[in-house]
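[1] With the sequence up front, the predicted model follows.
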Amino acid sequence: MKNFITSAAIYFLFLSIIYCQSEWIVYKPINSGLISISVTDLEVDQTGNVWIGSSSGSLNKFSNGEWTDYSGSGLPGPAKNIALGTGSDVWIGTQNNGIARFDPATKTVKSAYSTSNSELPSNEISALIMDNSGRIWVGTNKGVAILDGTNWTLYNTSNSIIPHNWIYAFVIDNEGNMWVGTAGGLAKSDGSGWMIYNTTNSDLPDNYVLSLAIDSNGDKWIGTLSGGLAKFSSSGWSIYNQSTSGLPANRVNCIVIDKEDNKWIGTTAGGAAKFDGSTWTIFNESNSQLPYNAVYALAIESNGNKWIGTYGGLAVYREAGVVSVKKNLNSLPEEFNLSQNYPNPFNPATIIEYQLPASANVTLKVYDVLGNEITTLVNRFQSSGNYTVTFANTEIELTSGVYFYTLQAGDFRDTKKMLLLR
């Protein structure tokens with residue numbers, strides 16, 4: 001305990017260098033393997049890889065803290081749009097060179113389609129998605145094209161009732177219907193026909209539909225060019241814009257929905273917004289580390305990290321601190337480890353994570369700077385694995401200052417410091 005107190009005193013003298021797990025990480029080409037500063041699409045695959053597209057660079061992958069640049073792999077152009085399926089292949093849509101099916105493992109293009117070698121109606125791609133049957137839906141400036149692997153099916157204003165040939169967004173609902181955002185309104189395909197929603201026959205606030213998402217209730221969230229955000233449910237329409245809500249800008253480029261059903265919204269001039277159904281939280285260049293207020297892509301990892309693609313770089317955000325990108329939470333750890341708590345400094349609660357490569361009797365205790373035990377968070381036998389514990393200053397009523405937490409697991413022992421601010 002004497003050594004512990006001595007260490008505590010030394011730590012106290014160096015209070016100014018306390019480690020803080022940041023809520024934000026910002027990537028740009030100058031500080032990372034990001035190819036282009038302008039991010040146009042983000043997708044997270046089943047294994048947790050983050051795929052990054054842009055209109056001026058090749059395809060990027062971020063996996064376990066490592067960047068992969070697929071320049072020179074034969075892709076027909078910058079990966080403006082990305083679509084992921086059940087396999088490992090990645091589909092990309094380009095600005096002016098059609099689409100391609102890409103195998104990241106071998107860094108080869110399996111197939112490429114353009115107006116010169118297929119029925120693709122235009123080489124300018126604006127949306128891309130794989131449906132539940134494995135077909136690729138392609139949005140272009142000349143309508144919708146669907147590839148089933150061999151044959152093409154085309155829909156445009158000449159052969160169907162889709163309201164416009166400019167296609168901006170796709171999303172699939174729980175019944176397998178495809179919802180399509182166009183420059184002339186919203187369209188739904190059930191496989192046998194189309195249903196159209198526009199400013200004339202519905203409360204859609206703007207016919208230019210740029211983004212789409214569907215929440216756990218099956219409600220459709222619709223981002224428009226100048227009319228803000230709309231929710232379409234079985235009970236009708238709800239409209240959110242700068243005048244009637246906390247939406248920071250009326251152009252909504254992208255929407256994603258997290259596990260708690262919060263809506264994350266990217267705008268052109270107002271940055272990003274989180275909407276929990278009643279409260280709006282805004283993130284922009286002025287009040288956060290968001291690198292640019294034009295947000296064009298959003299994706300959420302299973303650990304809660306939010307990836308935000310802007311025209312000024314790529315940001316990763318998580319309210320309680322970004323989960324380490326090098327940590328594979330699904331695999332058994334190879335060594336004992338006690339992680340730095342996050343957030344740090346904290347008030348009123350913080351998260352402590354640790355890893356056990358083998359079963360052990362485990363204690364996790366909190367001490368003050370004098371070495372006095374404050375509380376025991378864990379005291380039991382635990383199997384190998386990854387563990388998370390929350391330490392909350394709600395019942396103990398601690399004062400502001402430095403505290404220490406110590407993990408004892410078998411012969412392994414480690415201590416880290418944390419700062420409580422009140």
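    Thanks, I have it. Residues are numbered from 1 along each chain as shown.

[2] can you list the weak-confidence ranges in the chain?
    Scanning the chain for pLDDT under 70 picks out 1-22, 324-332, 394-395.

[3] go again using 80 as the cut-off
    The model of the chain has pLDDT under 80 over residues 1-22, 85-87, 320-333, 342-349, 393-397, 422.

[4] can I assume V322 is in contact with G304?
    No. Here V322 does not reach G304: they are 9.0 Å apart, not a contact under Cβ atoms under 8 Å. Quick note: C-beta positions are derived from backbone N, CA and C, even for glycine.

[5] where do the helices sit along this protein?
    Applying DSSP state H to the chain gives helices spanning 2-13.

[6] quick check: domain ranges of it?
    With domains defined by automatic domain parsing, the chain comprises 2-19+326-420, 24-317.

[7] I figured P343 was touching G321, is that so?
    Yes. Counting by Cβ under 8 Å, P343 does reach G321; the two are 4.9 Å apart.

[8] Could you check which of these two is surrounded by more residues?
    G321 (22 against 19; other Cβ atoms under 10 Å).

[9] now that one, nearest residue through space, not along the chain?
    Y342 (3.1 Å; Cβ to Cβ, 6 or more residues apart in numbering).

[10] Okay, and the beta partners of that neighbour?
    Following DSSP bridges, Y342 is listed with bridge partners I351.

[11] same check, this time on A272
    G266, F283.

[12] so what's it up against?
    For A272, the contact set (Cβ atoms under 8 Å, 6 or more residues apart in numbering) comprises 264-266, 282-284, 290, 295, 298, 308.

[13] Please convert the buried members of the residues you listed into ChimeraX selection syntax.
    Selection command for ChimeraX covering only the buried members of the contacts of A272, criterion 16 or more other Cβ atoms under 10 Å:
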select :264,265,266,282,283,284,290,295,298,308
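
[14] Make JSON lines out of the contacts of A272 and add distance to I125.
    JSON lines is the format used below for the contacts of A272 (distance: Cβ to Cβ, whole Å):
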{"residue": "W264", "distance to I125": "24"}
{"residue": "I265", "distance to I125": "23"}
{"residue": "G266", "distance to I125": "20"}
{"residue": "I282", "distance to I125": "31"}
{"residue": "F283", "distance to I125": "29"}
{"residue": "N284", "distance to I125": "30"}
{"residue": "L290", "distance to I125": "27"}
{"residue": "V295", "distance to I125": "20"}
{"residue": "L298", "distance to I125": "19"}
{"residue": "I308", "distance to I125": "22"}
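
[15] closest to G134 among the contacts of A272?
    G134 lies nearest to L298 out of the contacts of A272, by Cβ to Cβ, at 25.0 Å.

[16] correct me, but the closest one touches K306?
    Yes. Counting by Cβ under 8 Å, K306 is a contact partner of L298 at 6.9 Å.

[17] anything in contact with each of the two?
    Joint contacts of L298 and K306 (Cβ under 8 Å, 6+ apart) are 256, 264.

[18] before we move on, the earlier item: the residue nearest to G321 - how many residues pack around it?
    By other Cβ under 10 Å, 22 other residues sit near Y342.

[19] which residues touch it?
    Counted by Cβ under 8 Å, 6+ apart, Y342 has contacts 21, 320-321, 350-351.

[20] for those residues, which one is nearest P78?
    Nearest member of the contacts of Y342 to P78, counting by Cβ to Cβ, is G321, at 32.6 Å.

[21] Look up how far A349 lies from that closest one.
    G321 sits 12 Å away from A349, taking Cβ to Cβ, to the nearest Å as the criterion.

[22] How about S55?
    Relative to A349, and taking Cβ to Cβ, S55 is found at 41 Å.

[23] of these two, who's got more company?
    Using other Cβ under 10 Å, the more surrounded residue of S55 and A349 is S55, with 19 against 13.

[24] Contact partners for the residue lying closest to Y70 once chain neighbours are set aside?
    In space, and not counting its chain neighbours, Y70 is closest to L59: 4.2 Å by Cβ to Cβ, 6+ apart. Contact analysis of L59 by Cβ under 8 Å, 6+ apart lists 51-53, 70, 73, 75, 79, 82, 90, 92, 102.

[25] Could you dump the residues you listed into TSV and include distance to S126 and neighbour count?
    Shown next, in TSV, are the contacts of L59 (distance: Cβ to Cβ, whole Å; neighbours: other Cβ atoms under 10 Å):
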residue	distance to S126	neighbour count
W51	18	24
I52	18	29
G53	12	29
Y70	21	20
S73	23	17
L75	18	21
A79	13	31
I82	13	24
V90	18	24
I92	13	29
F102	19	25
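
[26] got JSON lines for these, with distance to R135 too?
    Formatted as JSON lines, the contacts of L59 follow (distance: Cβ to Cβ, whole Å):
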{"residue": "W51", "distance to R135": "20"}
{"residue": "I52", "distance to R135": "24"}
{"residue": "G53", "distance to R135": "20"}
{"residue": "Y70", "distance to R135": "24"}
{"residue": "S73", "distance to R135": "25"}
{"residue": "L75", "distance to R135": "21"}
{"residue": "A79", "distance to R135": "20"}
{"residue": "I82", "distance to R135": "16"}
{"residue": "V90", "distance to R135": "16"}
{"residue": "I92", "distance to R135": "16"}
{"residue": "F102", "distance to R135": "17"}
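
[27] wait, which of the residues you listed is closest to Y405?
    I52 (35.8 Å).

[28] and the closest residue to P333 other than its chain neighbours, what is it in contact with?
    Counting by Cβ to Cβ, 6+ apart, P333 lies nearest to Q355, which is 3.5 Å off, once chain neighbours are set aside. Shown in contact with Q355 (Cβ under 8 Å, 6+ apart): 333, 335-337, 339, 385-387.
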